[in-house]
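> This is a predicted model, with the sequence first.
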Amino acid sequence: MLIYNFYNKETGEYIQEEMLLCERIPFLEANPHLEQVLIHSSFLGDSVKMGITKPPADFQRGIIDRIAAATPGNQLKKSRFGQNLREI
């Protein structure tokens, strides 16, 4: 079950309805005064992985090196940002 947000054009109110994906279109057809809206979005993606922001300057030392040190026999040679990791 998914939660959908709708705007009621007649009353100016926002409502939430829980329904299956296949029920959404018949619901909107039966209620033409409602318009589906996106009020807020949950996690959309990793901004670093999407290339919007850069990782923190201490990312390798603070995160990647600790992971490499705590994982014996790991295969980490380079981080995805092109920096060489220290030998373990």
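Structure received.
> Tell me where the chain has strands.
2-8, 14-19, 34-37 (DSSP state E).
> Mean neighbour count, distance to Pro26 and mean pLDDT added to those, as TSV?
All C-beta atoms are positioned from the backbone trio N, CA, C, and that covers glycine. Output for those, formatted as TSV (neighbours: other CB atoms under 10 Å; distance: least, CB to CB, whole Å; pLDDT from 0 to 100):
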stretch	mean neighbour count	distance to Pro26	mean pLDDT
strand 2-8	14	13	92
strand 14-19	11	9	93
strand 34-37	13	12	94
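> Adding distance to Arg66, write those strands out as TSV.
Below are the strands of the chain laid out as TSV (distance: least, CB to CB, whole Å):
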stretch	distance to Arg66
strand 2-8	38
strand 14-19	41
strand 34-37	42
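> Packing partners of the longest helix anywhere in the chain?
Secondary structure of the chain read by DSSP state H shows that its longest helix is helix 21-30. Applying 3 or more CB pairs under 8 Å, 6 or more residues apart in numbering; DSSP states H and E, we find helix 21-30 packed against strand 2-8, strand 34-37.
> Relative to Thr71, which of these is closest?
strand 2-8 (37.3 Å; CB to CB).
> Can you list the strands that the closest one pairs with?
strand 14-19 (antiparallel), strand 34-37 (antiparallel) (DSSP bridges).
> now the last one: how far from the chain's centre is it?
Distance of strand 34-37 from its chain centroid, counting by CA atoms, centre = their mean, to the nearest Å, is 22 Å.
> Tell me which residues are up against it.
Tyr4, Asn5, Phe6, Tyr7, Asn8, Lys9, Tyr14, Ile15, Arg24, Phe27, Leu28 (CB atoms under 8 Å, 6 or more residues apart in numbering).
> would you turn those residues into TSV with distance to Ala70?
Listed next are the contacts of strand 34-37 as TSV, based on distance: CB to CB, whole Å:
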residue	distance to Ala70
Tyr4	43
Asn5	42
Phe6	47
Tyr7	49
Asn8	53
Lys9	55
Tyr14	46
Ile15	48
Arg24	45
Phe27	50
Leu28	51
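> Which two among these are spaced furthest apart?
Lys9 and Arg24 (17.3 Å).
> And the contacts of the longest helix of the chain?
So helix 21-30 is contacted by Leu2, Tyr4, Glu17, Met19, Leu34, Gln36 (CB under 8 Å, 6+ apart).
> Perfect, I'm done here.
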